[in-house]
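# Here is a sequence with its predicted model. Questions after.
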Amino acid sequence: MALLEIRNMTHWFGGLRAVYNFNTRIEPGEIRGLIGPNGAGKTTVFNLVTGFYTPTEGQIFFLGREITGLRPHQIGRLGISRTFQNLRLWTHLTALDNVKIAYYSQIRYGLIGAFFNTRARREEEERIDHEARQLMRMLDIDQYAHRVVSGLPYGIQRKVEIARALATKPKLLLLDEPTAGMGPAEMEETMAFIRRIRDQFNLTIWLIEHKMKFVMGLCGWIQVLNFGEIIAEGPPEEIQRNPEVIRAYLGEMVEL
Amino acid sequence: MEQLAQQLFNALQWGSFYALIALGYSMVYSILMLFNFAHGDVFMVATYIGYFVATALLGLAVLQVLPFSNIVIFVLTLILTMFLASFVGIAVELVAYRPLRDAPRASAAITGLMVGIFMETAVLALLGASRKDFPLLIPPITFKIGPVHVTNLKILTLVMAFALMLLLHLFISRTKVGMAMRAMSFDYAVVPLLGIPMNTIIAFTFALGSALAGAAGIFFGMAYPVLDPYMGVLIGWKAFVAAILGGRGSIFGAVVGGFLLGFIEILVAATLPSTMRDLIAYSIVLLILTFRPYGLFGEEYSVRLRL
């Protein structure tokens, strides 16, 4: 059974067709790539899968269960998490607090616990604190736990965002341009990092990227989106040679 | 001087009204970036609810069905009214704002205004134009502190307003829902990804703001016991001014703005002809906003993004 399956998904924004007849099957453990020029509809696909938009047509299945039309928090609880193209962290909070918020749905103490700071609350808060730190240690960012996010280097902020996404214990992690704003050295490191978290957390990863070298080196299967439609898909070597892909990217392939 | 000290208590009383109502505007703004223009009418409906609850409880006490003292009746009225008022807020959210979640902000503001007018006219149609007299819940006692006379009601209003604000502070800073509200106020879009049900949190925010407006309605009804369907319009706009004065979306600012507005109004009324009160008071507000356009505690600009 595929982890995620999308059938004939189409999405209109008023008169604009953002995604047209999108199909895919993502198997557990895959690192899948979604590429395409700016404005091709890649982020829209992610917004559709995570429930921020409901597709105009088509169906989305996660673990064999249809999730089309579910609310984002329901989809989040089922095990899909994501990061954003432009980091969406609470920049005035510490890295640790950013991660801890993701444990929200595990909080059991109620009003009384909160107001009177009962033992149950203290124990739960301690457990969450412990788990969040452990997670940060696994991602090698525990030394930044008490630093305010806005003062952290960009690459570390990316990892904090990934830590927050992992705290919800997802099965599928969507990464929207994980190397945006990174230099070549950092990019290499990020590739290793993504492979490592895939193995450590038993994840399936679906990522959007612009940097060809990154996608080609990391993904086993790549889909190319242009004007909302898949124009090509296949393993990296094939995509690289595909004339239609090269045409779609004309002027953008400088990063190759 | 005595006159001034006397007026301070009036200012604190009106400041409590404005602050309690302004909190509702600010809380909703902080998570939805939208002003709930029906909030003044939520205050009005809540005051009517308080009127019915108080009348019913007093009636039952007189008939000796419930052997309650005045204090118990007051406390019950306050709690029940706040509870019921929160559902008025939730209903306003469901009807006026939820269907327009992705619509332009201006459209949502207009639906809010329409729901407000709906509430005014519905109360008018159901209860008629004759004014209702809010029952006497607590017999007035006047204390003399030095040369200054203070009624027990003014003290009660002030103490309860502060107690409620403290409770709100604890709720926002310590509870799970409060945490989600704070998270949403900084980034609206990320929150659902973490498994937090956005609509529930928004409903909670409206409920809390409306419950506070309900408390304000009780204290207002006790001090100025004449209710009419349009009573929420002016006081609602003034509380809105207080929320802006304090800084959009700032909880602390709403409280400070509310009391500041109370002081400006009362001090102008105490020193100048009372017909000029609003003219002078709001000219001062205009001046403050000219020099501090983001209010006293508002963010200079919003970096919050939306999808």
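Done, it's in. Numbering: from 1, shown residues only, chains lettered A, B, ... in the order given.
# use CA for all of it now, contacts and neighbours both
Noted.
# Regarding the chain, what is its longest helix?
Because you didn't say which chain, this covers chain A. helix A:119-138 (DSSP state H).
# hmm, I had chain B in mind actually
From DSSP H, the single longest helix across chain B is helix B:2-32.
# The very next helix or strand once past it to helix B:2-32, inter-axis angle?
Following helix B:2-32 in sequence order, the next helix or strand is helix B:39-62 (DSSP states H and E). Counting by axes from the mean of the first three to the mean of the last three CA atoms, to 10 degrees, helix B:39-62 points 110 degrees away from the direction of helix B:2-32.
# Show me what helix B:39-62 is packed against.
Secondary-structure packing of helix B:39-62 (3 or more CA pairs under 8 Å, 6 or more residues apart in numbering or on different chains; DSSP states H and E): helix B:2-32, helix B:70-92, helix B:105-127, helix B:198-223, helix B:231-246.
# could you give the mean pLDDT of that helix?
Average pLDDT, helix B:39-62: 95.
# That helix vs helix B:70-92, what angle?
Using the same axes, to 10 degrees: helix B:39-62 against helix B:70-92 is 140 degrees.
# Next, the angle helix B:198-223 makes with helix B:39-62.
Relative orientation of helix B:39-62 and helix B:198-223, computed by the same axes, to 10 degrees: 60 degrees.
# next one: helix B:39-62 to chain centre, how far?
A distance of 15 Å separates the centroid of the chain from that of helix B:39-62, by CA atoms, centre = their mean, to the nearest Å.
# For B:Ser16, list the residues it contacts.
By CA atoms under 8 Å, 6 or more residues apart in numbering or on different chains, B:Ser16 lies in contact with B:Thr157, B:Leu158, B:Ala161, B:Ala216, B:Gly258, B:Phe259, B:Gly262.
# quick one: which of these has the most company?
B:Gly258 (32 neighbours; other CA atoms under 10 Å in any protein chain shown).
# ok, and the closest non-adjacent residue to A:Gln150?
Just so we're on the same page, residue A:150 is Ser rather than Gln. Here the nearest residue to A:Ser150 in space, its sequence neighbours aside, is A:Thr91; by CA to CA, 6 or more residues apart in numbering or on different chains that works out to 4.8 Å.
# Would you confirm that the one you found contacts A:Tyr154?
No - using CA atoms under 8 Å, A:Thr91 is not in contact with A:Tyr154; the gap is 11.7 Å.
# Tell me which stretches of chain A form helices.
If DSSP H is used as the criterion, the helices of chain A fall at A:42-49, A:72-78, A:95-100, A:111-116, A:119-138, A:154-167, A:184-200, A:212-218, A:236-241, A:243-249.
# So which of these is nearest chain B?
Closest to chain B of these, according to CA to the nearest CA: helix A:72-78, at 4.1 Å.
# what does the closest one contact?
Residues from elsewhere that reach helix A:72-78 (CA under 8 Å, 6+ apart): A:50-52, A:67, A:168, A:170, B:191-198.
# tell me which of those residues is nearest to A:Pro28?
Checking the contacts of helix A:72-78 against A:Pro28 with CA to CA, the nearest one is A:Pro170 at 12.1 Å.
# if we can go back for a sec, just the buried ones from the contacts of helix A:72-78?
The neighbour-count test (16 or more other CA atoms under 10 Å in any protein chain shown) applied to these identifies A:50-52, A:67, A:168, A:170, B:191-198 as buried.
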